[in-house]
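Visitor: Dropping the sequence and predicted coords here.
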Amino acid sequence: PTAPLEPMLPGVELADYGVAPGEVLVLDGTAASVQSQAVSGLHSARTRIEFLVRTEQSTPAVLLHLDGSTSDVLQVLLVRQRLQVRMDLGDGQLLLASSPLLADGRWHRVLLQRSGGQLQLDLDGGAHVETARSSGSFTGLDGVQRSTLGGTPQRLAILLGELAGVSVQ
């Protein structure tokens, strides 16, 4: 994609963070730019996350962090200039990484779909698709209470870049 797109699904969107539809969330690498929002009503068995990202950052950063009242967590990270997804449903960590570089200053569309313990990461509309399955027996992302964009809830691993079209369902 060459320009930000509108969110495509209902759920948690940039408007929930005070960013008007069609606008871009600019993260300047400071703790003040990290956006955090309470979440309710996310489905335990399935998750769909979609957004556009543009960055040239070479250091690790958190793009999106979902955490709950239990040990369950789902993070979309920038690690070694590549997209990485870390998921823990309470019985062990699953890591899924993209092969192409993401920190190239261009807009990239990210679509992450989870059904039970299976993850699918689609980068740039099918240009790069990765899948993985958790080896654990838990299948629900339970008790998600907070969504954080551009860093962790503790304001660590902060992104220097832009996010648009964010949708979490």
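Guide: Okay, I see it.
Visitor: so what's residue 115 up against?
Guide: Residues counted as contacts of residue 115 (Cβ atoms under 8 Å, 6 or more residues apart in numbering) are 45-46. No exception for glycine: its C-beta is placed from N, CA and C like everyone else's.
Visitor: ok, residue 121 touching residue 131?
Guide: Yes - if you go by Cβ atoms under 8 Å, residue 121 and residue 131 touch, sitting 7.5 Å apart.
Visitor: who's more crowded, these two?
Guide: Neighbour count, other Cβ atoms under 10 Å: between residue 121 and residue 131, residue 121 has more, with 22 against 11.
Visitor: follow-up on the earlier one: shared neighbours of residue 121 and residue 131, anything?
Guide: residue 96.
Visitor: shaky segments in the chain?
Guide: Across the chain, the ranges flagged by pLDDT under 70 are 1-15, 17-18, 21, 41, 43, 69.
Visitor: all strands for it, in order.
Guide: With DSSP state E, the ranges of strands along the chain come out as 12-13, 25-28, 35-38, 46-55, 61-68, 73-79, 82-88, 93-97, 108-115, 118-123, 128-133, 144-149, 160-168.
Visitor: got JSON lines for those, with distance to residue 19 too?
Guide: JSON lines is the format used below for those (distance: least, Cβ to Cβ, whole Å):
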{"stretch": "strand 12-13", "distance to residue 19": "9"}
{"stretch": "strand 25-28", "distance to residue 19": "5"}
{"stretch": "strand 35-38", "distance to residue 19": "8"}
{"stretch": "strand 46-55", "distance to residue 19": "12"}
{"stretch": "strand 61-68", "distance to residue 19": "14"}
{"stretch": "strand 73-79", "distance to residue 19": "18"}
{"stretch": "strand 82-88", "distance to residue 19": "22"}
{"stretch": "strand 93-97", "distance to residue 19": "27"}
{"stretch": "strand 108-115", "distance to residue 19": "17"}
{"stretch": "strand 118-123", "distance to residue 19": "23"}
{"stretch": "strand 128-133", "distance to residue 19": "27"}
{"stretch": "strand 144-149", "distance to residue 19": "10"}
{"stretch": "strand 160-168", "distance to residue 19": "9"}
